[in-house]
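1. I'll drop the sequence and a predicted model, then ask my questions.
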Amino acid sequence: MIAAVIGRTFLQAYNTHYRKDYDAKTFFDQVFFPLFFDHPKYMQWVTNSPFVQMKKGQKVDKLTSDDRLEKLEDFHVKVQDGVRDASMVIGGSASESKEFASTSGQVTDLSMEMDSEELYLSWIGGGFGVGVAGGLSIFFDHSDLLMALFEGWQVYRQFLNHSSISSLRGNQINTWNGQWLSYYCRQYKEIKEVDFHQFSGHCRIVEKSGVLEVSTIQWNQLLFSMSKKWATPMMMGYVYSLGQTNTTMGFYPFQISACRGLRKFYQTLFGENHAIEDAAFYETLYGLHIKRACEKGAVGLVSLQPKDLDKYMKDRTKKVRLSRPKLGSDEEKNQKALAKDRENIITYRAYKTWILAMITKNKEEMLDYTSSIAKCLMAYRDGGAKGSKKRPNQIELDLLGTKSKKGFIMALTDILKEINEEDQTLIKGLRDRVHLMGSEDFGYFQVLLKFDYAYAERENC
Amino acid sequence: MDKLFIVTYRGAFGFIKPWTAVRDGETYSQQFLTPSMVEGIERKLFPNLLKESSGKLYKISGHRLAYEGISQQQEQVQTRGWNGKGSKKERSYLRPNSILVRGVLINPVLRLAFASREDAEDACCQHLCLARNEDVLLPEAEIIETTIELFNHDPMFNGYELVFEKNESSFMVGYHRGLNKTPMYGWLRMVGNPVMLASDGA
C-alpha cells in the first residue's frame, strides 16, 4: 500500500515532466509493461502474479510476444474481477479465498476496498524499491529521486537486451535501483549515454557461475552518494522487504547531512587530497548492518559507526598495530604490504573522524588534542630505562587497556609523578576531562587515544 | 508567551505497528504516533470527549516519544480464523501458527503537552498504553511548565513527534479508522537525541 503512495508521487512527477495526462492504467500499459515484462528477460519477479504463472511447457525466455500480451490480458481481467491479494497488489496480504494464511492475523480488519487505479499505482511504485545489502529495500517518497530511478529503468532494460552482455540476470530491479541511484548521484552532468564499461567501473557487477549479476550496494555507500547530489539534511525512507513473509522496518529519517559532515571533517583533519583519494575506501568502512542502523531510530551519524570499531570497544586490551611494513626485495610482496598499510592508515583516519564527530561539540579545539597526548605519552615511554618494559606496559595495559575510568585516571596519576612540568599541565587537563566524560564517551575517547598512540609510535620509528 | 504543561509517561515496552505491516515475519515498532493514536490516547484520558467529532484534538497540543533501543522478540501468531480440512466424516478445524519477530521499543518515554494546567493534572493521575494493552505507561508526578518554543527545541524534551500537517516533507502514515478511512499525513520532528541507547555499563 505504501507502494501505491510512491507510485502516485512518481506518476504526478512523470506527467508534469513529460506533459502527459496518464492515469495509472494507461501508464502501466504503455510504459511499465513494455519496460518490465514485454521481453524475454523480466525486470521484476512478482511471485504468483499472472506474469510469472506459466502454462504447461512455457518458460519466460521462450514466451512469444503474443504469449506475453495474453498474460497482460489475464492480469487486467483479474483486476476487474476484484482480486486483491499479494499476487496482484504489491505489498498486499495473502489470498484468503480457500483458507486463512498463517500470517492473516497481522492484516488489519478495516475493510479496505482498493480501486484499480490504486492497484496499478502499487505496481508502478513497487518498481522503485532501492535495494541495499542485508536483504532490505527502501522507498523514498521524493519525486526527483523517483525520476532518476525511472531513467535507470531504461538503462537496465538496455543492458538486459544488449547482445554482448547476454548473461546479465533479469529480475533485479531493486538491486539495480540501488546501484543506479549511487551512480546517478555521483555524475554531476546529465547522463546522455551510459555505456556498460563506464557503469561497471563504478558499481560492482559480478559473475556467478557464468551469470552476470548486479551486486547489492551498501546503504552507507548509497548515503554518501546521495549526500553529493541532494542538499537536503535528510530524506524520509521506508525500509522493507517483500517476500514469502514481509519485513517492515518502517519509516526512518535518512540523515544525509551526516555523510557531508563526516566528509568535511575528514578534510579538516587530513587535508583535501586525502579526503578525495581515500573516499572510495573509507566510505565502505562506515555503517552498521541496516537493521542495526534502524534500531538507532534514525539512519545517521550514530548508524555510520565503523563496523569493526566495536571489537576495540568490547576488548580494551586489543592492540592497534600501525607500524610501517618491512620491505624486502620481492617487488610483488612489497606492493601488497604497502597496499595493506594504506588501508590501515585510512582505517585509522576514518575511525578518528567518526569518533571525534561523535564525542565532541567543539570539534576544532579537539582536532590535535589526542595526537598531542599521544606524543606526550610516547615521550614518556622513551624516557624510561633502556630495555625496560615498565613504561610501555604502563601505557598499553594500565592506561589504554583498562575498562574503567577509575583505572585510567589511576594510571594517569602514576605517570604524572614522573614527567616534566610542561607535560604535567597537559596530562592534568586530560585527567579532568576524562573525569567529566560519560562512560560511552570515555570508551570512544580511549579507543581514539589508542589509535593516536599507535600512529605516534609509527611516526617515531 | 504560550504556556505548555508537560506530563511524562514511562513504561518498560512499547510496540506501534506500522500501517504498512502486512503478513509480516518481522516488524519493527514505529517510533512515532499517528494522528489517530494521539486522538485515541486523548479520548482515553478524557472520556467525555468521546462524543466530540473525530479527527480533531481538543486537549493535547503536542507530544514527544523517546526510547532506549529496540529489542527483537519472537512471538507466536495465529491465523484470523479456523481452517477446515478433510472430508465430511473426518473434517477437522485448526488455526495454524506462525512466528513473528517484533522489534519492540525498550523503556519508552512519552511526553504529552497540554495547554491548561487542569488538563495536565487530570492526565497526570492516569495510565495509558502504547498500542498494545500490556504496554502500560505510568505517569510521573511532576508536571513541567514550559513554553512551546522550549518544548520544540530543548534537548530535555527529546524524542520524535509526528507533526500533523501536510506539507512538502509530509508522508503518509496510515488510514484514520474514525474518519472514514481517510489517509493521514505528517512530518517528523526530532528533538535532541530521541534514542538514548543504554550504555553497555563500561
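-> On my side now, so go ahead.
2. OK, contacts around residue B:114?
-> Shown in contact with residue B:114 (C-beta atoms under 8 Å, 6 or more residues apart in numbering or on different chains): B:4, B:5, B:6, B:7, B:59, B:60, B:61, B:120, B:123. C-beta: built from backbone N, CA, C; applies to glycine.
3. Distance-wise, check the second one relative to residue A:149.
-> Here residue B:5 is placed at a distance of 47 Å from residue A:149 (C-beta to C-beta, to the nearest Å).
4. Which of those two has more residues huddled nearby?
-> Each of residue B:5 and residue A:149 has its neighbours counted (other C-beta atoms under 10 Å in any protein chain shown); residue A:149 has more, 24 against 21.
5. and the helix or strand hosting the more buried one, which residues are buried?
-> Per DSSP states H and E, residue A:149 falls inside helix A:143-161. Of all the residues in helix A:143-161, those buried under the rule 16 or more other C-beta atoms under 10 Å in any protein chain shown are A:143, A:145-150, A:152-153, A:155-157, A:159-160.
6. Dump these to CSV, plus pLDDT and distance to residue B:26.
-> Converted to CSV, those look like this (pLDDT from 0 to 100; distance: C-beta to C-beta, whole Å):
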residue, pLDDT, distance to residue B:26
A:143, 94, 30
A:145, 96, 26
A:146, 97, 26
A:147, 96, 31
A:148, 95, 29
A:149, 96, 25
A:150, 96, 30
A:152, 93, 28
A:153, 95, 28
A:155, 91, 32
A:156, 93, 28
A:157, 94, 32
A:159, 90, 32
A:160, 92, 31
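7. related to what we said a few turns ago, identify the residues contacting the helix holding residue A:149?
-> A:6, A:9-10, A:12-14, A:17, A:35-36, A:39, A:41, A:43, A:127-128, A:130, A:140, A:165, A:168, A:170, A:172-173, A:176-177, A:180-181, A:184-185, A:191, A:194, A:196, A:199, A:230, A:235.
8. Give me the contacts around the lowest-mean-pLDDT helix or strand in chain B.
-> Lowest mean confidence among the helices and strands of chain B (mean pLDDT, DSSP states H and E): strand B:83-85, at a mean of 89. By C-beta under 8 Å, 6+ apart, the surrounding residues in contact with strand B:83-85 are A:99, A:100, B:91, B:92, B:93, B:94, B:95, B:96.
9. Output the contacting helices and strands for the longest helix that chain B contains.
-> Counting by DSSP state H, the longest helix found in chain B is helix B:35-45. Judged by 3 or more C-beta pairs under 8 Å, 6 or more residues apart in numbering or on different chains; DSSP states H and E, helix B:35-45 is in contact with strand B:60-66, strand B:128-129, strand B:171-176, strand B:182-191.
10. quick revisit: to the chain's geometric centre, what's the distance from the helix holding residue A:149?
-> Here helix A:143-161 is found 20 Å from its chain centre; the criterion is C-alpha atoms, centre = their mean, to the nearest Å.
11. residue ranges with poor pLDDT in chain A?
-> Applying pLDDT under 70 to chain A flags residues A:188-189, A:360-363, A:461.
12. Which residue does it have closest to chain B?
-> residue A:245 (3.3 Å; C-beta to the nearest C-beta).
13. Skipping adjacent residues, who's closest to that residue in space?
-> Closest residue in space to residue A:245, ignoring its immediate chain neighbours: residue B:25 at 3.3 Å, by C-beta to C-beta, 6 or more residues apart in numbering or on different chains.
14. Which pLDDT value does the model give the one you found?
-> Reported pLDDT at residue B:25 in the predicted model: 90.
15. any chance you could map the strands in chain B?
-> For chain B, the strands defined by DSSP state E occupy B:3-11, B:13-14, B:24-28, B:60-66, B:69-78, B:83-85, B:92-94, B:97-106, B:109-114, B:128-129, B:136-147, B:159-163, B:171-176, B:182-191.
16. about what we covered before: my guess is the residue nearest to residue A:245 contacts residue A:103. True?
-> Yes: between residue B:25 and residue A:103 there is a contact under C-beta atoms under 8 Å: 7.5 Å.
17. Between these two, which contacts overlap?
-> Applying C-beta under 8 Å, 6+ apart, one finds that residue B:25 and residue A:103 are jointly contacted by A:245, B:98, B:100.
18. ok, the closest residue to chain A within chain B - contacts?
-> With C-beta to the nearest C-beta, the shortest gap between chain B and chain A falls at residue B:25, namely 3.3 Å. Residue B:25 makes contacts with A:103, A:244, A:245, A:246, A:247, B:98, B:99, B:100, B:101, as judged by C-beta under 8 Å, 6+ apart.
19. which residues touch the residue minimising distance to the centre of chain A?
-> For chain A, the residue nearest the mean C-alpha position is residue A:219 (1.4 Å; C-alpha atoms, centre = their mean). Residues in contact with residue A:219, defined by C-beta under 8 Å, 6+ apart, are A:132, A:133, A:134, A:138, A:287, A:290, A:293, A:299.
20. same check, this time on residue B:193
-> B:155, B:158.
21. how near is it to residue A:226?
-> In terms of C-beta to C-beta, residue B:193 sits 23 Å off from residue A:226.
22. Then residue B:15?
-> With C-beta to C-beta as the criterion, residue B:15 and residue A:226 are 30 Å apart.
23. Quick check on these two: which one has the bigger neighbour count.
-> It is residue A:226, of residue B:15 and residue A:226, that has more neighbours when counted by other C-beta under 10 Å, with 24 against 21.
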